[in-house]
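Novice: What follows is a protein structure lacking sequence information:
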């Protein structure tokens, strides 16, 4: 078991990163899942890679603003390419999206391998699985001095960025809950009331790209793909009310992040192993396991509940 100082230095920043990334992706994912655009989260997690690499090649820095600008430009380019492929090849949206995001991700991997980016905290392993374990908080040696100003200033850049993105995501969902709910469930009524469903949908796509870029630096592309979908889809199995679904998805995202991180970091050591597992991968596994459990045992929409309902005799009269 690690000492308090070791936990604060190594595990605490990684755990906070995981929670913030999962929370931001999970909250955003509610509106992707309900709009039947779950694949968009997958696409954004892939298409931002070439934009991030090009941003580093142009700016010469891994500064968050440069990375987000590159990722957003790549997302806009992908949107245009998807529309072009759909028009020219007459493919349906899912097929066009699959063609574009796999091609752009491949271009990003080639750019990494053929440029100096692979030597600057960007490589194919980092692109897929992230580097949660490399976020070290050097400064505090105990809980008493963790909140000292000088130690707070030493927080890893990724922690500050993802915490800001997670808090902003929660604030945006709260502020625009009515608009998001109306344009998600009834675009006709939203238009009649003077709202602009396409504008709101575009804003959701843009914010998805921002969240994907912010998460990419710390957790790679695999974890956001899972967390854009699993918390929202799991919560959807548990309730039919959007407000409750959002709260449930947030709780599921936090539980998956904490449970996955502790399972990856400590479970192998407790069972006699000599090395920890990749945290981002384990968090995705835990999120998937929670989704499977909800599909089977959800009180109303689960497979077991539906099977019991079919066997229940119909009352006479």
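Specialist: Sure, I can see it. Everything numeric in this text was worked out from a predicted model, so none of it was measured.

Novice: make it CA atoms for all contacts and neighbour counts henceforth
Specialist: Will do.

Novice: So residue 32 versus residue 113, what's the distance?
Specialist: Here the criterion is CA to CA, to the nearest Å. By it, residue 32 lies 32 Å from residue 113.

Novice: So which of the two has more stuff around it?
Specialist: Taking other CA atoms under 10 Å, residue 32 and residue 113 do not tie; residue 32 has more neighbours (24 against 15).

Novice: helix or strand right after the helix or strand bottoming out on mean pLDDT in the chain?
Specialist: One helix or strand of the chain scores below all others by mean pLDDT, DSSP states H and E: helix 124-129, with a mean of 61. Under the assignment DSSP states H and E, the closest C-terminal helix or strand after helix 124-129 is helix 149-152.

Novice: Show residues contacting that next one.
Specialist: 138-140, 145-146 (CA atoms under 8 Å, 6 or more residues apart in numbering).

Novice: next one: stretch 7-15
Specialist: With contact meaning CA under 8 Å, 6+ apart, stretch 7-15 is reached by 132-143, 155-156, 159, 257-258, 261.

Novice: quick one: buried residues of the host helix or strand of residue 78?
Specialist: Under the criterion DSSP H and E, the helix or strand holding residue 78 is helix 64-89. By 16 or more other CA atoms under 10 Å, the buried positions in helix 64-89 come out as 64, 66-79, 81-83, 85-86.

Novice: Buried among the contacts of stretch 7-15? Make that a ChimeraX selection.
Specialist: Entered in ChimeraX, the line below selects the buried ones among the contacts of stretch 7-15, by 16+ other CA under 10 Å:
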select :132,133,135,136,137,139,140,141,155,156,159,257,258,261
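
Novice: Find the residue ranges of the chain scoring beneath the pLDDT cut-off.
Specialist: For the chain, the stretches flagged by pLDDT under 70 are 1-2, 60-64, 115-131, 217, 274, 313-317.

Novice: what about the strands in it?
Specialist: Ranges of strands in the chain, per DSSP state E: none exist.

Novice: ok, the contacts of helix 149-152 vs residue 225, which is closest?
Specialist: residue 138 (30.2 Å; CA to CA).

Novice: my guess is that closest one meets residue 154, correct?
Specialist: Yes - between residue 138 and residue 154 there is a contact under CA atoms under 8 Å: 6.8 Å.

Novice: So what touches stretch 251-265?
Specialist: 15, 18-19, 22-23, 26, 227, 231, 234-235, 276-280, 282-287, 290.

Novice: Apply the buried test to the residues you listed and list what passes.
Specialist: Those of those that meet the buried threshold are 15, 18-19, 22-23, 26, 227, 231, 234-235, 277-280, 282-287, 290, by 16+ other CA under 10 Å.

Novice: Keep only those of those residues that are in helices.
Specialist: When DSSP state H defines the helices, the subset of the buried ones among the contacts of stretch 251-265 inside them is 15, 18-19, 22-23, 26, 227, 231, 234-235, 279-280, 282-287, 290.

Novice: From residue 205, how far off is the nearest residue to residue 287 once chain neighbours are set aside?
Specialist: Leaving aside its sequence neighbours, residue 287 sits nearest to residue 256 (CA to CA, 6 or more residues apart in numbering; 5.3 Å). Residue 256 sits 24 Å away from residue 205, going by CA to CA.

Novice: neighbour count winner among those two?
Specialist: Neighbour comparison, residue 256 and residue 205: the larger count goes to residue 256, with 28 against 23 (by other CA under 10 Å).

Novice: quick one: the helices in the stretch 201-317 of the chain?
Specialist: Here the stretch 201-317 of the chain has its helices, by DSSP state H, counting those that start in this stretch, at 222-238, 242-265, 267-270, 279-297, 303-311.

Novice: Counting by contacts, list what the fourth one packs against.
Specialist: When contacts are defined as 3 or more CA pairs under 8 Å, 6 or more residues apart in numbering; DSSP states H and E, helix 279-297 sits against helix 222-238, helix 242-265, helix 303-311.
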